[in-house]
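Chemist: After the sequence you'll find the predicted model.
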Amino acid sequence: MTDEEVQADRAKRVAIKQLFIDHGRAIGEWADSRGFSRPMVYAVLNGRSTGRRGMAHRIALALGLKSVSHIEPSKDLKDFFTFLELQASEAQRSSSQPILQENANSARTEPAALGIQSGSSSSGR
C-alpha cells in the first residue's frame, strides 16, 4: 500500500468509529447484532486485521471498509462462494442451538449425576 492508501484507510476507520460516537452506539452492540466477534471487529476497525479473508473480510465489507471486487466471477466460483456462505451460516445457526439445549439438559440432571440428594443436609456440623 502506498502512503496515500494507508492514510485513506485510516481515515475511513476513524470516520466509522466517529459514526458510532455520533449516534451514541457501541461498536460491540453492532458486532453482537450481526453475530460478529467483538475482538475481531475491533481488530478490523483498529487496523490490526486487514480483512483479507474469513470473518475479518465479512466484517470489513459490513463496515464499508472494503467493497466487493468488480470482476465478474465464473459460475463455478459463484457456486463455490455460495456454498461456503451457506455452510458458514448453517454452522453458526447450529452451534448456538444445541449448546443451549445441552446446557439446559445438564442443569436438570447435574445434581443427580453428582449424587446430591435433595432435601437432606449431610454437612456433619
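Modeler: Arrived safely, thanks for sending.
Chemist: And D76, how far from R13?
Modeler: 34 Å (Cβ to Cβ, to the nearest Å). Where you see a C-beta, it was placed from the backbone N, CA and C, and this is true even at glycine.
Chemist: So between the two, which is more surrounded?
Modeler: R13 (17 against 8; other Cβ atoms under 10 Å).
Chemist: Pull the contacting residues for the residue nearest to that one when sequence neighbours are not counted.
Modeler: Spatial nearest neighbour of R13, chain neighbours left out: L45 (5.5 Å); criterion: Cβ to Cβ, 6 or more residues apart in numbering. With contact set as Cβ atoms under 8 Å, 6 or more residues apart in numbering, L45 has these partners: 13, 16-17, 27, 63.
Chemist: Could you report the pLDDT at L45?
Modeler: If you check L45, the pLDDT there is 95.
Chemist: Which residue ranges make up each domain of the chain?
Modeler: When the chain is parsed with automatic domain parsing, its domains come out as 3-63, 71-113.
Chemist: show me where the chain has strands.
Modeler: Assigned by DSSP state E, the chain shows no strands.
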